[in-house]
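*Asks:* Any chance you could fold what I've pasted below:
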Amino acid sequence: MKYGTLITLLFLVNIHSALGQQAETNAKSAEFYFNSGISVPKSHNNFAEFYDKSFNVGFGIGYDLSPSFLICFELAYNNFRLDGERFINSHENLKGTASEGDEAIYSFTVGTKARLSTSNDNIRPYLKVNFGFMHRKYEDLYVEAFDPDTSFVLPEDFDTSIMLHFGVGIDIKITKEFYLFGEAKLNHAFTKEESTQYIPLKVGILYRR
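*Replies:* The predicted structure follows:
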């Protein structure tokens, strides 16, 4: 009898906990966020050597699977500026200038966000893992050489590939429905010939309803 009562009590506690979690999930069912920041090229070698860090912008939507887990859909744009001087210096037999040739990366990913519990409900660190697609575009690269005396254009190019994101971040509550957040990711794209990696550092605002 005692065991039956204990099992019943545990069952009722679990039901109450599940209903509480479901109520929280229903009350806060989705989040919408916008962010911007800087992106740092990491690899492959030419990408990291010739391109400078530049800006990124992004937008995302997350839907609660539970109080701690969300499924997220994200769109992002990352821009990388070519360092013409480093590009020219890498070619021993070429003297001159290089201009334009910037690289743009557009991505769409789907993933999970795991919110970590802390003693302060206003601060929630989290982990992210995303999977999706990247479309990369190289602008025309113009080279004006004076030794030898010539000029040429490396035409724009395109590349689409599968990619993975691994990220960490923190949400900071500022009102009942609005949060500030900061996030760092390692983005790994399985591009042709060799993989491409870059690190977006982001700050943004998040709305939960």
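*Asks:* What's the per-residue pLDDT of residue 151 here?
*Replies:* Per-residue pLDDT puts residue 151 at 67.
*Asks:* measure the residue sitting nearest the centre point of the chain to residue 54 for me?
*Replies:* When the chain is reduced to its mean C-alpha position, the closest residue under Cα atoms, centre = their mean turns out to be residue 185, at 5.4 Å. Between residue 185 and residue 54 the distance, using Cβ to Cβ, to the nearest Å, works out to 16 Å. Using the backbone N, CA and C atoms, a C-beta is placed for each residue, glycine as well.
*Asks:* now residue 196
*Replies:* Using Cβ to Cβ, we find residue 196 at a distance of 15 Å from residue 54.
*Asks:* Tell me which of those two has more neighbours.
*Replies:* Neighbour tally, residue 196 and residue 54, criterion other Cβ atoms under 10 Å: the higher count belongs to residue 196, 25 against 16.
*Asks:* How much space separates the more buried one from residue 177?
*Replies:* Between residue 196 and residue 177 the computed distance is 37 Å (Cβ to Cβ).
*Asks:* now do residue 165
*Replies:* Relative to residue 177, and taking Cβ to Cβ, residue 165 is found at 26 Å.
*Asks:* Residue 109 now?
*Replies:* When distance is defined by Cβ to Cβ, residue 109 is 25 Å away from residue 177.
*Asks:* Compare the two and say which is more crowded by neighbours.
*Replies:* Neighbours per residue, other Cβ under 10 Å: of residue 109 and residue 177, the larger number sits with residue 109, 23 against 12.
*Asks:* who does the helix or strand hosting the more buried one pair up with?
*Replies:* Mapping residue 109 onto the secondary structure by DSSP states H and E places it in strand 103-115. Strands adjacent to strand 103-115 in the sheet, as given by DSSP bridges, are strand 69-82 (antiparallel), strand 123-138 (antiparallel).
*Asks:* What mean pLDDT does the shortest one get?
*Replies:* When pLDDT is averaged along strand 69-82, the result is 93.
*Asks:* Just the buried positions in that strand, please.
*Replies:* 70, 72, 74, 76, 78, 79, 80, 81, 82 (16 or more other Cβ atoms under 10 Å).
*Asks:* So which elements touch whichever strand or helix holds residue 183?
*Replies:* Assessed by DSSP H and E, residue 183 sits inside strand 178-189. Using 3 or more Cβ pairs under 8 Å, 6 or more residues apart in numbering; DSSP states H and E as the contact criterion, the neighbours of strand 178-189 among helices and strands are strand 30-43, strand 123-138, strand 157-173, strand 196-208.
*Asks:* Residue 204 and residue 36 touch, don't they?
*Replies:* Yes - contact status for residue 204 versus residue 36: in contact at 6.8 Å, counting by Cβ atoms under 8 Å.
*Asks:* Next, show the common contact partners of these two.
*Replies:* Residues touching both residue 204 and residue 36 by Cβ atoms under 8 Å, 6 or more residues apart in numbering: residue 58.
*Asks:* more neighbours, those two?
*Replies:* Per other Cβ under 10 Å, whichever of residue 204 and residue 36 has more neighbours is residue 204, with 19 against 13.
*Asks:* Who are the contact partners of the more buried one?
*Replies:* 33, 34, 35, 36, 37, 58, 180, 181, 183.
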